[in-house]
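Peer 1: coords below, sequence missing:
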């Protein structure tokens, strides 16, 4: 790893907040790191027309900004096609990037969205699936085991796509797997949800949007190259920071839903990496992880989340950190008595697929 790589990461994080004054060689390296972590359009937003740069660098940033704008327009178009399926008999909440776009949140600018996430009450899940199918969306055909995994253990249905559409729809009935260690009754999310003006959709309330971002980052997602998730958390916190009683209500809501730990980590890393203006009283109102847990997360989360040196393969320490974080992710999603048979079954399926592929491969040996 290059000795300059840690300073490159620090420079990237600073460049998301303010214009940079660096030469073209440094820009070239920074753009490669930003692309690896999905932050190149956000880097463009903070620097285009504000920083001094060469035409070559400007073209790269402008390209990133235009791609992000196109993806945002694709999300709006997908939600436009979905809107007629939403009626008044049950609420439909748009999650994450789709909601940020419809609500015109500042955090949506430069954010790449790969799918549309919807949340509906579990008792209406089948009805919404049928509406999507009637509208042309179809799920990929799964094995009976994978179908059972989605239906019995996960918090979402299999992703659905429509021919000719670039984005898939993920239909959720909860924010965390039903087998997860932090599973809670999602009915409380609908009680506090807010209408999105001009649409039939709803969005999570501000506190729940922050908690969902923290939950998705530190509990329900693998941490590999997920620094962009912390950038989301920082952006949401800055958006709501001046709302009356926001911080007090955020802590209260975390206690109500049992999400104190992911919120603690979200606040901690947003403040440590992006200097997020978190009031000291807010962190103090949350029970901190043990000293050992904090040491482990401090050591392994940056190695897992930050992109590696673009000029060399990830070192053993980074690969080990990512393996540990993936292990943590699986353990948080499922108890051991379900997880071990699940992983063994998936490994066996992959092994069989490789053996079958090997058999079908042409024999290049001599006749």
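Peer 2: Structure received. Treat the numbers as computed from the prediction; the structure is a model and nothing was measured.
Peer 1: And the strands in the stretch 201-350 of the chain, which stretches?
Peer 2: Assigned by DSSP state E, counting those that start in this stretch, the strands in the stretch 201-350 of the chain fall at 202-203.
Peer 1: all helices for it, in order.
Peer 2: 206-218, 227-240, 246-257, 260-274, 280-284, 291-305, 316-333, 336-360 (DSSP state H, counting those that start in this stretch).
Peer 1: which of those helices sits most buried?
Peer 2: Among these, helix 206-218 has the highest mean neighbour count (mean count of other Cβ atoms under 10 Å), at a mean of 25. For every residue, glycine as well, the C-beta is placed using N, CA and C.
Peer 1: Helix 316-333 and that one, what's the angle between them?
Peer 2: 130 degrees (axes from the mean of the first three to the mean of the last three Cα atoms, to 10 degrees).
Peer 1: For helix 206-218, give me every contacting residue.
Peer 2: 95-96, 99, 175-176, 182, 189, 192-193, 203-204, 223, 226, 229-230, 232-233, 236-237, 239-240, 243, 246, 249-250, 253-254, 257, 259, 261-263, 265-267 (Cβ atoms under 8 Å, 6 or more residues apart in numbering).
Peer 1: Closest to the geometric centre of this structure, which residue is that? Let me know.
Peer 2: When Cα atoms, centre = their mean is applied to the chain, the residue found nearest the centroid is residue 229 (5.4 Å).
Peer 1: can I assume residue 251 is in contact with residue 284?
Peer 2: No - checked against Cβ atoms under 8 Å, the pair residue 251 and residue 284 is beyond contact range at 9.6 Å.
Peer 1: residues touching the residue nearest to the centre of the chain, list them.
Peer 2: Contacts for residue 229 (Cβ under 8 Å, 6+ apart) come out as 213, 216-217, 221, 305.
Peer 1: Looking at those residues, which is nearest residue 82?
Peer 2: Nearest to residue 82 among the contacts of residue 229: residue 216, at 21.0 Å, using Cβ to Cβ.
Peer 1: Redo the helices of the stretch 201-350 of the chain as a markdown table? Include distance to residue 40.
Peer 2: As requested, the helices of the stretch 201-350 of the chain are exported to a markdown table (distance: least, Cβ to Cβ, whole Å):
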| stretch | distance to residue 40 |
| --- | --- |
| helix 206-218 | 20 |
| helix 227-240 | 10 |
| helix 246-257 | 30 |
| helix 260-274 | 17 |
| helix 280-284 | 31 |
| helix 291-305 | 16 |
| helix 316-333 | 21 |
| helix 336-360 | 32 |
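Peer 1: Nearest to residue 18, out of the ones you listed?
Peer 2: Residue 18 sits nearest to helix 260-274 of all these, at 11.4 Å, using Cβ to Cβ.
Peer 1: Just the endpoints, please. Distance across stretch 11-24?
Peer 2: Stretch 11-24 has an end-to-end distance of 14 Å (criterion: Cα to Cα, to the nearest Å).
Peer 1: Name the surrounding residues that touch stretch 79-88.
Peer 2: Residues from elsewhere that reach stretch 79-88, judged by Cβ under 8 Å, 6+ apart: 92, 94, 98, 102, 116, 118, 128, 131-132, 135, 162, 165, 169, 199-201.
Peer 1: Narrow these to those in helices?
Peer 2: Judged by DSSP state H, the contacts of stretch 79-88 include 98, 102, 128, 131-132 as members of helices.
Peer 1: In JSON lines: those, plus neighbour count.
Peer 2: Converted to JSON lines, the ones in helices among the contacts of stretch 79-88 look like this (neighbours: other Cβ atoms under 10 Å):
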{"residue": "98", "neighbour count": "27"}
{"residue": "102", "neighbour count": "19"}
{"residue": "128", "neighbour count": "21"}
{"residue": "131", "neighbour count": "18"}
{"residue": "132", "neighbour count": "20"}
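Peer 1: Quick one: mean pLDDT for stretch 273-286?
Peer 2: For stretch 273-286, mean pLDDT is 95.
Peer 1: ok, now stretch 231-246?
Peer 2: Averaging pLDDT along stretch 231-246 yields 95.
Peer 1: do the same with stretch 312-331
Peer 2: The average pLDDT within stretch 312-331 is 89.
Peer 1: Quick check: closest non-adjacent residue to residue 181.
Peer 2: The shortest distance from residue 181 to any non-neighbouring residue, by Cβ to Cβ, 6 or more residues apart in numbering, is to residue 332 (5.4 Å).
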